[in-house]
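> need the 3D shape of this:
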Amino acid sequence: MRDAITGAWLYALVLVFMVIFVGFLALSLNYNRAFQTKNGLVRLIELNEGYNNRTRERIEGYLIAQGYRTFGRCPAGMRGRLPNANGNRFLYCISYPNVIDEGTGAGRIHRSYYDVIMFFRIDLPVIGEILVFPISGRTQTISRLVPN
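Numbers count the residues shown, from 1 in each chain. Predicted structure coming up:
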């Protein structure tokens with residue numbers, strides 16, 4: 001009888017560690033997917049040399065193709081895009097361009113960069129959304145010569 005009880009405890013212990021391992025693996029894979037989606041969004045802004053209507057349309061198409069649908073709250077000073085039904089949470093947040101002007105006159109160079117925030121959530125089937133974490137990124141400096 002003692003061996004049967006010991007075997008049951010061993011099976012329970014193995015089962016608990018398997019659940020923890022599978023949960024950690026699922027969490028890391030979902031985080032990786034959200035991080036890659038954020039990098040794709042930053043890359044689209046850099047390729048289009050800024051954030052404008054054309055870039056916004058490409059980003060929205062990219063997010064739909066990726067199946068990204070995690071909403072979060074934007075911090076102060078950032079614009080949210082693609083709001084949820086209530087309009088208070090957004091798919092991604094983007095800052096106004098942070099501008100650095102160098103030089104004067106005909107040789108003036110306009111440099112800017114954008115901060116981007118996307119969201120990663122921990123969601124359980126029965127309980128629902130538990131936590132939402134922001135994933136932030138910054139574009140490289142985008143430079144262009146300003147004509148007079």
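
> so which elements touch the longest helix anywhere in the chain?
Longest helix in the chain, counting residues (DSSP state H): helix 2-47. The helices and strands touching helix 2-47, judged by 3 or more C-beta pairs under 8 Å, 6 or more residues apart in numbering; DSSP states H and E, are helix 53-66, strand 115-124, strand 128-138. Every residue, glycine included, has its C-beta placed from N, CA and C.

> give me that answer again for 10 Å
Judged by 3 or more C-beta pairs under 10 Å, 6 or more residues apart in numbering; DSSP states H and E, the packing partners of helix 2-47 are helix 53-66, strand 90-95, strand 115-124, strand 128-138.

> pick the most deeply packed of these.
strand 90-95 (a mean of 22; mean count of other C-beta atoms under 10 Å).

> from the middle of its chain, how far away would it be?
A distance of 9 Å separates the centroid of the chain from that of strand 90-95, by C-alpha atoms, centre = their mean, to the nearest Å.

> please apply the same query to stretch 68-85.
For stretch 68-85, the distance to the chain centre is 11 Å (C-alpha atoms, centre = their mean).

> can you give me the end-to-end span of it?
Length of stretch 68-85, first residue to last, C-alpha to C-alpha, to the nearest Å: 16 Å.
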